[in-house]
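Peer 1: Sequence below, structure please.
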Amino acid sequence: MADLKKGDYEGLLEKYRSRLEEKLEGKVEQFQPTTKDYQEFRKEMLPPHMSRYEELCALSEKILHLKPDPKSVAATEQFIETAHLSVTPSGAVSFGVLLPLFIMIFGGMLTYVFLHSPVFVTIMIILGLCLIKPLIHLPKYFAANWRLQASNQMVLCVFYVVTYMRHTSNIEKAIEFAAEHMSPPLSLDMKKILWDVETEHYESIRESLDAYLLGWREYSLEFVEAFNLITSSLLEGEESRRLATLDKSLDVILEETYEKMLHYAHNLKSPITLLNMLGVILPILGLVILPLVVSFMDDVSWLHLFFLYNILLPVGVYLLGKMILSKRPTGYGDTDISEEIPQYRKFRNVLLKFGKKEVQLSPLYISLMLAAVLFFIGIAPVLLHAINPAFELPADPEARYHLLEYQQNKKGALVGPFGLGASILSLCITLSAGLGLGLYFRLRSQNVIKIREKTKELEDEFASALFQMGNRLGDDIPAEMAFGKVAQSMQDSVSGKFFQMVSTNIQKLGLSVEQAIFHPQYGALQYFPSKVIESSMKVLVQSIKKGPRVAAQALTNIARYIKEIHRVNERLRDLMADIISSMTSQIKFLTPAIAGIVVGITSMITTILSKLSAQLKTLNAGAAADVGTSDLMDIFGIGIPTYYFQLVVGLYVVQIIYILTILANGIENGSDKLNERYQLGSNLIKSTIMYVFIAGAVMILFNVIASQIVSKSL
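Peer 2: Residues are numbered from 1 along each chain as shown. Got it, this is the predicted structure:
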């Protein structure tokens, strides 16, 4: 068995697997050798929706065992392996068919029982049919999302590997060092490379690494080229050529990243314009015409608008945005330190101090309380009508403004509220959604973002500090003294405070260099949580063991790498400046302003139509069955109440702001969840308040105009 090659071994394994399948009359799944540690690590690192998807796939496979297309099995298995999913292709297909069937059958039954509308039953059937293909291909979507998040860490991954290998030429230790200092998902990939060797799935680290890089060849060739250069440095006999090859690997991924981002920025203008037109401008402007259309179609209600504008359109815009983000090249992204460092998780809460006692209050409770109060105010007109259906009924045509103003349609059913007061109160429901979400994201991220900004100040000037530290070590000054000298030369700077803290720990507490930096209670890194700084200091501690000159060279090269990464990152931000500024103006001003004006115009049109309808009823009652008046009554309806119309538009504005903010952050920063939450909090609060202010002001103004027009026609 020891002399068997990999191909012979797999052939022998397949031979005995086929025999077992014949005996057991069932398929024997291929064994994937993974350790318990890997399974626990994978469970902790994967997001919760992945686990739920795996459970649903396993359940669906038991209920409805479907075989996938043989042509797509290999590709699906590759997607499953990329996303680290514990599912089978059969389970993915079974789930993709079973869930749409559930939606079609039970969704159709529920809509027919409660809404009595064949239209919604048809919509549920069409929706279920449309969902089959996307749900079957969910592993492909998860793999693409995994690659998007991982690609944002590739530059940092190569940086860590190269930094370690400059002083220790060991690829296995370098990958372990990178996995330790990165966050998921790429850290999970690096761990998997090592575990595949540990469990003898591959014979060597080179073989495991080559198998992993094979999956990236189609999507990120520069990442593959960088690692090929890193592994080739192991074969160099001369030290100078080995170091030059390592430097070349980082240069390759930085330059290729810039070129790919340049092309991405040039090709991004057309999709973004399409997204703005199809997702924002045309839908909102189309709302102006809809009230007139609905006035002539009694079968169309606000629920149809809700399904179109608050379900179908947001889903379409979100998917289009995800397609744009999936083509984003590799970058240099940031991580959420509150998820990586346990002691900083408390900053995701609202911290209240009472003397020496500190109380943590979850942002979820605050936002839910505010949202509930605003929502209750917003639905007050509906509750008042439910308590007393005769309230403000029948409406007085002579009165200009009402709170509720329910009216009877052609079928004699009560429709409303049409009153201006109810329309104004409906804005509270929009505030409930926008402010509730915005406040939650803002409170959850504002403390952590402040810590990141302070850390960024240190990282920006840390390269210069490392150069000085390297020079001191190059002069054969011990590291214990070098920290103090660098701190003196960089007084009143963030880097100076860091080095002064390390020096103080060494001189006054008697700690070693390693303890002065990494001690869990007194270490300087506890006050400056940065993965880049942590990795630089770990390299320093390791290289000091080989002498101060080796440590000096290591720090000098780290400083150069940090400056190069920072330079390329700033060039990438400059490329995206025009597109990001355009999307920012769309989020913060254009979308809420246009939507608010449209709601005001629609309110005026609806008011005029409802008043005219009431006048026509009066004329019809007074004119003994006048044929012309009766025909005119049959043509005009009373339309959709502004209360519900504003509700649809307001929620659509909140949804679009949410989607565009995620898209803008993804284009600019890649997968940066902390900045995404902070931007969501800021944009949702500001844009929702702007929309509500504009919509309320325009509604009041245009209703005054509409009342004057109607009063002149009496």
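
Peer 1: Any stretches of the chain with poor pLDDT?
Peer 2: Under the criterion pLDDT under 70, the flagged ranges of the chain are 1-50, 115, 288, 290-300, 329-342, 388-404, 406-416, 610-639, 710-714.

Peer 1: ok, for E256, nearest residue in space, not its chain neighbours?
Peer 2: For E256, ignoring the flanking residues on the chain, the nearest one in space by CB to CB, 6 or more residues apart in numbering is E222 at 3.4 Å. The C-beta positions use only the backbone N, C-alpha and C, and glycine is treated the same way.

Peer 1: For burial, what's the neighbour tally of that neighbour?
Peer 2: Residues within reach of E222, counting by other CB atoms under 10 Å, total 22.

Peer 1: i'd like the first residue to be 719 from this point on
Peer 2: Sure, I'll start counting at 719 from here, so that last one is E940.

Peer 1: neighbours around the closest residue to M822 other than its chain neighbours, how many?
Peer 2: Spatial nearest neighbour of M822, excluding adjacent residues (CB to CB, 6+ apart): G846 at 3.6 Å. If you count neighbours by other CB under 10 Å, G846 ends up with 20.

Peer 1: which parts of the helix or strand G846 falls within are buried?
Peer 2: Assessed by DSSP states H and E, G846 sits inside helix 836-854. By 16 or more other CB atoms under 10 Å, the buried positions in helix 836-854 come out as 838-839, 841-843, 845-846, 849-850, 853-854.

Peer 1: ranges for the helices of the stretch 1169-1318 of the chain?
Peer 2: Assigned by DSSP state H, counting those that start in this stretch, the helices in the stretch 1169-1318 of the chain fall at 1197-1207, 1212-1226, 1231-1236, 1249-1262, 1266-1293, 1295-1303, 1309-1340.

Peer 1: Just tell me which of those helices ends up closest to M827.
Peer 2: helix 1309-1340 (33.7 Å; CB to CB).

Peer 1: Could you chop this protein up by domain?
Peer 2: For the chain, automatic domain parsing gives the domain ranges 719-749, 755-867, 871-980, 986-1167+1294-1431, 1170-1285.

Peer 1: returning to that earlier point: mind giving me the packing neighbours of the helix holding G846?
Peer 2: helix 807-820, helix 826-833, helix 1020-1025 (3 or more CB pairs under 8 Å, 6 or more residues apart in numbering; DSSP states H and E).

Peer 1: before we move on, back to that, remind me what the helix or strand hosting the residue nearest to E974 packs against, helices and strands.
Peer 2: E940 is part of helix 939-950, with elements assigned from DSSP H and E. Helix 939-950 is packed against helix 872-885, helix 889-899, helix 923-932, helix 957-994, with contacts defined by 3+ CB pairs under 8 Å, 6+ apart.

Peer 1: Identify the residues contacting that helix?
Peer 2: Applying CB atoms under 8 Å, 6 or more residues apart in numbering, the contact partners of helix 939-950 are 869, 872, 876, 879-880, 883, 889, 892, 924, 927, 931, 934-935, 963-964, 966-968, 970-971, 974-975, 978, 1048.

Peer 1: give me the element V1077 is part of.
Peer 2: Per DSSP H and E: strand 1075-1079 holds V1077.

Peer 1: could you dump the helix or strand just after that strand to CSV, C-alpha only?
Peer 2: Using DSSP H and E, the helix or strand that follows strand 1075-1079 in sequence is helix 1081-1096. Included here for helix 1081-1096 are C-alpha records, laid out as CSV according to Å, rounded to 0.1, in the frame of the first residue of the first chain:
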residue,chain,number,x,y,z
PRO,A,1081,-29.0,48.3,20.8
LEU,A,1082,-31.7,45.8,19.7
TYR,A,1083,-33.9,46.7,22.7
ILE,A,1084,-33.5,50.5,22.1
SER,A,1085,-34.3,50.3,18.4
LEU,A,1086,-37.2,47.9,18.9
MET,A,1087,-38.8,50.2,21.5
LEU,A,1088,-38.5,53.2,19.2
ALA,A,1089,-39.8,51.3,16.2
ALA,A,1090,-42.7,49.9,18.2
VAL,A,1091,-43.8,53.4,19.4
LEU,A,1092,-43.6,54.9,15.9
PHE,A,1093,-45.4,51.9,14.3
PHE,A,1094,-48.2,52.1,16.8
ILE,A,1095,-48.7,55.8,16.0
GLY,A,1096,-48.6,55.0,12.3
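
Peer 1: quick one, the following helix or strand past helix 1081-1096 and helix 1081-1096 angle?
Peer 2: Per DSSP H and E, the first helix or strand lying C-terminal to helix 1081-1096 is helix 1098-1105. Going by axes from the mean of the first three to the mean of the last three CA atoms, to 10 degrees, helix 1098-1105 is angled at 60 degrees with respect to helix 1081-1096.

Peer 1: Centre of the chain to helix 1098-1105, how far?
Peer 2: Computed by CA atoms, centre = their mean, to the nearest Å, the chain-centroid distance of helix 1098-1105 equals 38 Å.

Peer 1: Which strands or helices does it pack on?
Peer 2: Checking 3+ CB pairs under 8 Å, 6+ apart, helix 1098-1105 ends up next to helix 1138-1192.

Peer 1: tell me the angle the helix it packs on makes with strand 1075-1079.
Peer 2: Using the same axes, to 10 degrees, helix 1138-1192 lies at 120 degrees relative to strand 1075-1079.
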